[in-house]
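# Below is the sequence, then the predicted model.
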Amino acid sequence: MGSRKCGSCLSCLLIPLALWSIIVNILLYFPNGQTSYASSNKLTNYVWYFEGICFSGVMMLIVTTVLLVLENNNKYKCCQSENCGKKYVTLLSIIFSSLGIAFSGYCLVISALGLVQGPYCRTLGGWEYAFEGTAGRFLTDSSIWIQCLEPAHVVEWNIILFSILISLSGLQVIICLIRVVIQLSKILCGSYSVIIQPGII
């Protein structure tokens, strides 16, 4: 009972994280609230991977919904044995939690790449990735941010939003990992047997 409540609480935490991921990813398309850069495709290429909208957002909401259904459906039956039913619920929970790790991990990696690459902006030499060759060193040297002339404050915009996405997806990965550990502990520590005994009909 305690592990079920713990699992439900963890799953509920995934909902606001997913919603915020969608919001933050959408904001990346509109530097300083302007829509012209998205329509003219003058954004960093990593925003088009939909890491926050699709993977850490919509896909995580689907995973969370399935996990909540599995945790709250105490009458779930996949066979005549109650132990058998619990086994399959646990296996399904592990599978969907692992999918959650994959989806949020994708967002984490893409957001980190977008952060290190830097924004696509207009410099004195035209539109380019002004900091692509710095291996992320520009993140700690704000004096060179003025190389980006347009959009205004795009460096700060990208750093803040990609950092938030990294934090949100990182929390999702941790929560899903904890869920996997909880479900595996039920199997390995003998909360119930995962093997159907021959005598059980």
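Yep, that arrived.
# any idea how far whichever strand or helix holds T65 is from the chain center?
According to DSSP states H and E, T65 maps onto helix 60-72. From the chain centre to the centre of helix 60-72 is a distance of 15 Å (C-alpha atoms, centre = their mean, to the nearest Å).
# With stretch 137-144 instead?
Relative to the centre of its chain, stretch 137-144 is centred 27 Å away, using C-alpha atoms, centre = their mean.
# quick one, strands of the protein?
120-123, 126-129 (DSSP state E).
# The residue most central in space within the chain and I166: what is the separation?
For the chain, S104 is the residue whose C-alpha lies nearest the centre (C-alpha atoms, centre = their mean; 2.6 Å). In this view, S104 and I166 are 11 Å apart by C-beta to C-beta, to the nearest Å. Where you see a C-beta, it was placed from the backbone N, CA and C, and this is true even at glycine.
# Return every residue with contacts to both of these two.
Shared contacts of S104 and I166 (C-beta atoms under 8 Å, 6 or more residues apart in numbering): none.
# Can you report how many residues neighbour E128?
Using other C-beta atoms under 10 Å, E128 has 13 other residues around it.
# That one pairs with what?
Bridge pairing for E128 (DSSP bridges) gives the partners C121.
# Does it touch Y120 like I think?
Yes: counting by C-beta atoms under 8 Å, E128 touches Y120, with 7.3 Å between them.
# quick one: the helices in the protein?
Taking DSSP state H to define them, one finds helices in the chain at 2-27, 36-39, 60-72, 82-117, 154-188.
# Now for the residue nearest to the centre of the chain: which residues touch it?
For S104, the contacting residues are F55, S56, M60, S169, G170, Q172, V173, C176, by C-beta under 8 Å, 6+ apart.
# Hmm, the fifth one is touching V109, no?
Right, G170. No: G170 is beyond contact range of V109, at 10.7 Å (criterion: C-beta under 8 Å).
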